[in-house]
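Participant: heads up, no residue letters with this:
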């Protein structure tokens, strides 16, 4: 009897621990407002990795009224792709302690892709740091939960 209670207790603790880790990992899943309110980025989880796409733009069209496109993309075949719906965050994995790493961020303003890490500083704020080589050489943007 005591042995079965011990086993049941260990099982419950394990399940609770996994559940708490999983909820922290998925706390990134939501829509985020970028710095200066230029756009909203919707972050989703797929197969244990995290991705983000442009869901809204403050200025979705050019002066002539046409929808903004990924005109700076280095791949010519993607230069006509619309910016709304464009996946700019790719392949992040949760590394613990409110941090997601090993992903990339694409900047449609210059057509470049950077290594990236995301840190959640509180439940409604993330720091998205794009960099080249090592994270000391880069730029951080603060996003707020929508």
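Facilitator: Received, thanks. Keep in mind it's a predicted model, so treat the numbers as computed, not measured.
Participant: after the helix or strand bottoming out on mean pLDDT in the chain comes which helix or strand?
Facilitator: The weakest-scoring helix or strand in the chain, judged by mean pLDDT, DSSP states H and E, is helix 2-25 (a mean of 46). The element immediately downstream of helix 2-25 (helix or strand, assigned by DSSP states H and E) is strand 30-33.
Participant: now that next one: buried residues?
Facilitator: The neighbour-count criterion (16 or more other C-beta atoms under 10 Å) identifies 32, 33 as the buried residues of strand 30-33. For the C-beta atoms, the positions are set from N, CA and C on the backbone; glycine is no exception.
Participant: pLDDT averaged over it - what is it?
Facilitator: Mean pLDDT, taken over the full extent of strand 30-33, equals 98.
Participant: against which helices or strands is whichever helix or strand comes after it packed?
Facilitator: Taking DSSP H and E as the definition, the helix or strand that follows strand 30-33 towards the C-terminus is strand 39-46. Of the remaining helices and strands, those touching strand 39-46 by 3 or more C-beta pairs under 8 Å, 6 or more residues apart in numbering; DSSP states H and E are strand 30-33, strand 49-57, strand 87-96.
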